[in-house]
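Q: Following is a predicted model, sequence given first.
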Amino acid sequence: MTKLFTSFFLLILLVACNQPNISREKNIPKKPVETITKPVLIKGKVTSAGIFSYYLPNNYSDTGEFPVIFIFDSHGDGNLPLNNYFTWAEQYGFILVGSNVSKNGLPQNQLENIIKQFFRKVFATFSIDKNRIYVMGFSGGARVSSIAAIEQQDVRGMILCGGGLAYRNFPQNKKMDILLFAGYEDFNMVELMNLDTLLSENNYRHQLILFNGHHQWPHTSAMKDGFLWILFNEMKDSIIPVNKKQINQFITVNEQKIKAEKNVFLKYLLLEKIETFADGLVNIQKYRNQRHALSNSAKYQKQLKSFHKIIMLEQQQEQSLVQDMGTQSFEWWKNKVAELSQDTGSGTMIAKSHMRILNYLSLVAYMQCDNALKNHRHNVAGHFIALYQLIDPENSDSYYMEAQLDIQENDMSAAITALQKAVDLGFDDFNRMQNEQVFSSLYNNPEFETLLDKIRK
């Protein structure tokens, strides 16, 4: 397979600390030892606890030891993934903890401090099984979780959703289990497919799971595989007893998906998933034989060749269109977006490719808007905000950014209108909107206060 893997670098900072001088005077009082008072813990409910949110299964007790998943959202919303996945945490007895601080755009050294504080606080608060520690993240949060997996001791594995590793070279002294999730319409899908290939070449225990979606956290139903992946690997490593009932249920569900799946490429991935998940627990030779037979079929080879061709064209189009964002007219872009959008409901491989291109252009437009607003380049910001709204009309961030530009141009009325549109499209980040410095001139505006009240949680 042609390597399209995108590399990201990990900068590991080793800080040498000088020891302070110890006073020899006798009567200086000693500094009291810092103690961490454990809060009253709430079970069976997603609960915010300052720098992180948590979910404790109802069987949690301080006298036991429980597996934990440290979760990093790209926007620092620890509640979001916990609300999505607490069902599985309850069913399988996991503690979930989601960072409310780690988010995209923070410098490396700040992220490292956030990770250390996060882990330290969680270990001080909950009763953790140190043989069952995992990390999970989405998009930029996936990259942060990979940093945490390397920097923190005893992390057994990571679940990377919509984003790959934060470093180029695989650590030779720390092999861990890695599960990858990507939506069919995620602009990072190709990166994760190439990472999957690279993990095979480096003999990691790993699997890629594709789901119907774009650049987003996997659906709740899809993430059941994430928990089973952890449990099955623990069974293989004799950390927990083998549960044949769970394994057989997993196989039955995926056999049914294979029968219903018409796409031979996706059928292949399902067979591979059964093989990877269950190998070493039950006899999987039947599925291995089916996968090999399918991979040698003319239909599969034809579809794989077509897929590679589409991916190559997709990469070329993305590079070309990013250049066009700064040069082509708005009318040209209207025609191009209409062209890319016309088949997006068909479900074909080329249609999925067009959706990935549009989603990638949406990200580029966001980044260009953000940069232009920070540098008060109003004409540039206006151009890219208009493109952003054209490319991704249901994205609330484009209207939030329009409101920021309106304030910079002293148009309070237009800013309120744009913010109302953002809220109508689902914008609900109360803290971001309340603390946005550019909106300080709106603090006494009753319409602004009404919008804040509407999204207040």
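A: Structure's in. What do you need?
Q: Point out where this structure drops to low pLDDT.
A: Scanning the chain with the threshold set as pLDDT under 70 gives 1-38, 457.
Q: what domains does the record give for it?
A: The chain breaks down into these structural domains: 47-241, 242-296, 308-393, 396-457 (assignment by automatic domain parsing).
Q: those strands in the protein, which residues are they?
A: 47-49, 52-55, 66-72, 95-99, 128-138, 155-161, 177-183, 206-211 (DSSP state E).
Q: Kindly reformat those strands as CSV containing mean neighbour count.
A: In this view, the C-beta of every residue, glycine as well, is placed from N, C-alpha and C. Output for those, formatted as CSV (neighbours: other CB atoms under 10 Å):
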stretch, mean neighbour count
strand 47-49, 15
strand 52-55, 25
strand 66-72, 26
strand 95-99, 26
strand 128-138, 22
strand 155-161, 25
strand 177-183, 25
strand 206-211, 20
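Q: thinking again about what came up before, can you put the domains of the chain in JSON lines and add distance to Pro39?
A: Putting those into JSON lines (distance: least, CB to CB, whole Å) gives the following:
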{"stretch": "domain 47-241", "distance to Pro39": "7"}
{"stretch": "domain 242-296", "distance to Pro39": "33"}
{"stretch": "domain 308-393", "distance to Pro39": "36"}
{"stretch": "domain 396-457", "distance to Pro39": "20"}
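Q: most tightly surrounded among those domains?
A: Comparing these by mean neighbour count (mean count of other CB atoms under 10 Å), domain 47-241 comes out on top with a mean of 19.
Q: Could you tell me the end-to-end distance of that one?
A: 31 Å (CA to CA, to the nearest Å).
Q: among the domains of the chain, which is nearest Leu41?
A: Minimum separation from Leu41 across the domains of the chain (CB to CB) falls at domain 47-241, 6.1 Å.
Q: Any idea how far that closest one is from the middle of the chain?
A: What separates the centre of domain 47-241 from the centre of its chain is 9 Å, taken as CA atoms, centre = their mean, to the nearest Å.
Q: can you offset everything so residue one is 625?
A: Let's use 625 as the start, then, which means that last one is domain 671-865.
Q: Please name the nearest non-neighbouring residue to Ala846.
A: Computed as CB to CB, 6 or more residues apart in numbering, the closest residue to Ala846 that is not its neighbour in sequence is Phe835, at 4.3 Å.
Q: was I right about that neighbour contacting Asp810?
A: No: using CB atoms under 8 Å as the test, Phe835 is too far from Asp810 to be in contact (9.3 Å).
Q: ok, now which ones touch the one residue sitting closest to the centre of the chain?
A: Closest residue to the average C-alpha location of the chain: Phe762 at 0.7 Å, with CA atoms, centre = their mean. With contact taken as CB atoms under 8 Å, 6 or more residues apart in numbering, Phe762 is in contact with Phe696, Asp697, Ser698, Pro705, Cys785, Gly786, Gly787, Gln840, Trp841.
Q: for Arg829, same thing?
A: Lys799, Asp801, Ile802, Asn857, Thr900.
Q: And those, which is closest to Ser1037?
A: Once CB to CB is applied, the member of the contacts of Arg829 that ends up nearest Ser1037 is Ile802, at 50.8 Å.
Q: any idea how far that closest one lies from Gly850?
A: Distance of Ile802 to Gly850, computed by CB to CB, to the nearest Å: 11 Å.
Q: Now for these two: what residues contact both?
A: Listed as contacting both Ile802 and Gly850 by CB under 8 Å, 6+ apart are Ile783.
Q: who are the neighbours in contact with the closest residue to Ala1039 other than its chain neighbours?
A: Excluding the flanking residues, the one nearest Ala1039 by CB to CB, 6+ apart is Asp1030, at 3.8 Å. Contacts here follow CB under 8 Å, 6+ apart; on that basis Asp1030 touches Met1036, Ala1038, Ala1039, Ala1042.
Q: of those residues, closest to Trp956?
A: Using CB to CB, Ala1042 comes nearest to Trp956 of the contacts of Asp1030, at 24.8 Å.
Q: thinking again about what came up before, list just the one of the strands of the chain that sits closest to Tyr990.
A: For Tyr990, the closest of the strands of the chain is strand 752-762, at 16.0 Å, according to CB to CB.
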